[in-house]
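[1] here's a sequence, model it:
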Amino acid sequence: MKTGLLALSPHQFRILRALTGCFCRAISLVVSCHPKYFSTMPSLKYLYLSNNNFSSDGGNTNLEPFLASLVNCTSLKELGVDSNNIGGKIPPMIGNLSTNLSKIYLYDNKITGTIPHAIGNLPLLTDLCLEYNMLEGPIPSEIFQSRWLAYTASPSK
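    The predicted structure is shown next:
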């Protein structure tokens, strides 16, 4: 299997404005996600950065800049950032992501804290996978407001 280093500047990512899918799974991709990378990709529907050496701000303890960069991805349906060794808390602004978002995969990371109630703002959410993190506390009842929710993985310590 080839390994690779993705070294695109925010300007180069802007050139990809019409991109509808990004599938970079299990290719030993080293990605440092600048918050501006995805902010100009409104057509992006599928973003999978799973099983790589993904890094987020604050030494992998701050997910908010990365998730905030996805707010303008109004077509986003699926987000997979699982198995990347990223940590930090899931910020409440996750509820501001695309209302088309149906699948969120954040399992097998080092995410801490509680699941924010704002995640209930995603009306089409069907899959929410958060297992194998360091989450604690109850699952917010707002999550179950989605009439489409089929799978929720409970927090595990």
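
[2] for Leu122, which non-adjacent residue is closest in space?
    Once flanking residues are discounted, Leu122 sits nearest to Leu101: 5.1 Å by CB to CB, 6 or more residues apart in numbering. Backbone N, C-alpha and C define where each C-beta goes, glycine included.

[3] so what's the residue count around the one you found?
    Leu101 has 24 neighbours, counted by other CB atoms under 10 Å.

[4] please report the distance of it from Ile139.
    Leu101 sits at a distance of 18 Å from Ile139 (criterion: CB to CB, to the nearest Å).

[5] that older thread, the residue nearest to Leu122 - that's part of a helix, no?
    No. When classified by DSSP: H, G, I helix; E, B strand; the rest coil, Leu101 is found to be coil rather than part of a helix.

[6] spit out the contact partners of it.
    For Leu101, the contact set (CB atoms under 8 Å, 6 or more residues apart in numbering) comprises Leu76, Lys77, Glu78, Leu79, Leu122, Leu124, Leu125.

[7] so among these, which ones count as buried?
    By the neighbour-count criterion of 16 or more other CB atoms under 10 Å, the contacts of Leu101 include these buried positions: Leu76, Lys77, Glu78, Leu79, Leu122, Leu125.

[8] roughly how far apart are the second one and Glu131?
    Put plainly, it is Lys77. Counting by CB to CB, the gap between Lys77 and Glu131 amounts to 21 Å.

[9] got the contacts of Leu101 as TSV, with distance to Phe38 and secondary structure columns?
    Shown next, in TSV, are the contacts of Leu101 (distance: CB to CB, whole Å; DSSP: H, G, I helix; E, B strand; the rest coil):
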residue	distance to Phe38	secondary structure
Leu76	9	coil
Lys77	14	coil
Glu78	14	strand
Leu79	10	strand
Leu122	17	coil
Leu124	20	coil
Leu125	19	coil
